[in-house]
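# Coordinates for the following, if possible.
(one chain, ligands or ions: 1)
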Amino acid sequence: MAKINDNYLKLPGSYLFSTIGKKVREYEAAHPEKKVLRLGIGDVTQPLAPAVVEALHAAVDEMGDAETFRGYAPDLGYEFLRRTIAEHDFTARGCDISPDEIFVSDGAKCDCGNIQEIFSPDCRFAVCDPVYPVYVDSNVMAGRTGSYDSVAGRFDGVVYMPCTAENGFVPELPEEIPDLIYLCFPNNPTGAVITKDQLQKWVDYANEHDSVILYDAAYEAYISDPAVPHSIYECAGAKECAVEFRSFSKTAGFTGLRLGYTVIPRQLKTGGESLWPLWARRHGTKYNGAPYIVQKAGEAVYSAAGKEQIRNQIGYYKENAKIIFEGLRKAGYQVAGGENAPYIWLRTPDGLTSWEFFDRLLDEANVVGTPGSGFGPHGEHYFRLSAFGSRGNVLEAVERICRL
Ligand SMILES: Cc1ncc(COP(=O)(O)O)c(C=O)c1O
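Below is the predicted model of the structure:
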């Protein structure tokens, strides 16, 4: 008899966004006359930049011509893209990352979900609370946790690091030393950022304790504060202790196109073993590469025209974030995030739980957001609004929320 991986059974049933989707569908079915505005899921709405579309067309033509047709992509990504990434995302910021330390993939979700495979099942891992659920769930599936405590909203055996208004949503260094530390800045869901000095403390801590930091910088493009690092490799010693994940999804609107990459420096070792060959082996065995046309589209993101078009797109979402942040602040809400991130993290009013506020917002303002408690117990009494909507919808949603 085939036996299932019963770690999967530890995962609580209903996924946050399916519950939200169900509630919204039911509401819309009962109130077909209402226009519901969605500021919930973090998906982009602006079309691909013209430079990207142009590169896609050209690459499709190459694939349709016997002279320029390409089959399987190189395991770690095309050299043209890895070189471009290394130059623009790292060398230009003073980070010494070479093209061969970059592993191109079809997005950061897969990479940050899969990376745990190269570590022992005995590793103890730490996550922020609230947290992007992929880090926790992928480790649950791998058997690195105990069971789920539905009252506490936590898995046994995980080091949870509270992110609260008091610590500016940047966790304290844990007293109990984890082997793996997931950090995500700019943060989903809180929109918080970490300064270079703060991040340097994490790098020093990881190097001191031989921990590995798994640094998710999927929202790096939203940073405008010069004190905030775009990459963990801006910190001294990070190449000895950190893996970094990047995504083209929120940077260049590739949520549907799919492209990302992971950086594993050559000198990164744990227990004397290098991580680079392990991830190369894993990538080569289980992954067959992002499509050529998508990698060409990714290269176009860094062209002069692409950069400018994408800067405008991000500027558009950042302006949305500002409208939400300022609108709610003026209406008396306690708000965080939104300045260097596309997410606004607000304290629910009148002591409402996150789900009570969700229901009130849906019923009375016909606006959909994401209950903070869905990201972890310290998300309770918080609510996430995303800046990825159209300007019209954002303005209307803010007006409706302020009228509540
Ligand atoms: C923190 C974080 N990391 C990774 C991802 C996934 O990115 P991708 O679309 O590249 O898989 C998301 C998407 O919402 C995210 O919020």
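
# Surely residue 245 and residue 214 touch.
Yes: using C-beta atoms under 8 Å, residue 245 makes contact with residue 214 at a distance of 7.3 Å. Just so you know, the C-beta spots here come from the backbone N, C-alpha and C atoms, and that holds for glycine as well.

# intersection of neighbour lists for these two?
Common neighbours of residue 245 and residue 214, counting by C-beta atoms under 8 Å, 6 or more residues apart in numbering, are 112, 115.

# so which helix or strand takes in residue 104?
Assigned by DSSP states H and E, residue 104 falls within strand 102-105.

# Neighbouring strands - and their directions - for that strand?
strand 260-263 (antiparallel) (DSSP bridges).

# Direction included, what does whatever helix or strand comes next after the partner strand pair up with?
Later in the chain than strand 260-263, the nearest helix or strand by DSSP H and E is strand 269-270. Here strand 269-270 is paired, per DSSP bridges, with strand 273-274 (antiparallel).

# avg pLDDT for the strand it pairs with?
For strand 273-274, mean pLDDT is 98.

# now it, how far from the centre of its chain.
On the basis of C-alpha atoms, centre = their mean, to the nearest Å, strand 273-274 sits 26 Å off its chain's mean C-alpha point.

# what's it in contact with?
Contacts of strand 273-274 (C-beta under 8 Å, 6+ apart): 266-268.

# Can I get the residues you listed in JSON lines including pLDDT, distance to residue 322 and neighbour count?
JSON lines is the format used below for those (pLDDT from 0 to 100; distance: C-beta to C-beta, whole Å; neighbours: other C-beta atoms under 10 Å):
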{"residue": "266", "pLDDT": "98", "distance to residue 322": "41", "neighbour count": "14"}
{"residue": "267", "pLDDT": "97", "distance to residue 322": "40", "neighbour count": "11"}
{"residue": "268", "pLDDT": "98", "distance to residue 322": "37", "neighbour count": "21"}
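
# For the residue nearest the centre of the chain, give me its contacts.
With distances taken as C-alpha atoms, centre = their mean, residue 218 lies nearest the centre of the chain, 4.6 Å away. Going by C-beta under 8 Å, 6+ apart, residue 218 touches 108, 184, 188, 245-247, 249-250, 260.

# if we can go back for a sec, out of the contacts of strand 273-274, who's nearest the ligand?
residue 268 (20.1 Å; C-beta to the nearest ligand atom).

# What strand or helix carries residue 126?
Applying DSSP H and E, one finds residue 126 within strand 125-129.

# does the helix or strand just after that strand come close to the ligand?
Toward the C-terminus, strand 125-129 is succeeded by helix 134-141 as the next helix or strand (DSSP H and E). No: Helix 134-141 does not reach the ligand (C-beta under 6 Å from any ligand atom); its nearest approach is 6.8 Å.

# quick one on the thing from earlier: also near the ligand: which of the contacts of residue 218, exactly?
Okay, of those touching the ligand (C-beta under 6 Å from any ligand atom), that's 108, 184, 188, 247, 249, 260.

# Let's see which of the residues you listed end up in strands.
184, 247, 260 (DSSP state E).

# of all the residues you listed, which comes closest to residue 49?
residue 247 (15.8 Å; C-beta to C-beta).

# Wait, the closest one touches residue 107, no?
Yes: taking C-beta under 8 Å as the definition, residue 247 is a contact partner of residue 107 at 5.9 Å.

# got the residues of the chain near the ligand?
42, 107-109, 112, 132, 184, 188, 216, 218, 247, 249, 255, 260.

# Could you identify the most distant pair in the residues you listed?
184 and 255 (17.1 Å).

# Looking at the two, which has the bigger crowd around it?
Higher neighbour count among residue 184 and residue 255: residue 184, with 25 against 17, using other C-beta atoms under 10 Å.

# ok, now which ones touch that one?
Contacts of residue 184 by C-beta under 8 Å, 6+ apart are 128, 131-132, 135, 215-218.

# Report the two of those separated the most.
Pairwise across those, and taking C-beta to C-beta, the largest span is found between 131 and 217, at 15.5 Å.

# Against which helices or strands is the lengthiest helix in the chain packed?
When the chain is parsed with DSSP state H, its longest helix is helix 304-330. Contact here means 3 or more C-beta pairs under 8 Å, 6 or more residues apart in numbering; DSSP states H and E; on that basis helix 304-330 packs against helix 50-63, helix 249-252, strand 335-337, strand 343-347, helix 391-403.

# at 6 Å what do you get?
helix 50-63, strand 335-337, strand 343-347, helix 391-403 (3 or more C-beta pairs under 6 Å, 6 or more residues apart in numbering; DSSP states H and E).

# Would you convert these into a markdown table that also reports mean neighbour count and mean pLDDT?
Shown next, in a markdown table, are these (neighbours: other C-beta atoms under 10 Å; pLDDT from 0 to 100):
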| stretch | mean neighbour count | mean pLDDT |
| --- | --- | --- |
| helix 50-63 | 17 | 98 |
| strand 335-337 | 22 | 98 |
| strand 343-347 | 25 | 98 |
| helix 391-403 | 17 | 96 |
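
# Save those as CSV, and put in distance to residue 89 too.
Listed next are the helices and strands packed on helix 304-330 as CSV, based on distance: least, C-beta to C-beta, whole Å:
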stretch, distance to residue 89
helix 50-63, 17
strand 335-337, 23
strand 343-347, 22
helix 391-403, 28
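
# Between these, which one is closest to residue 101.
helix 50-63 (24.3 Å).
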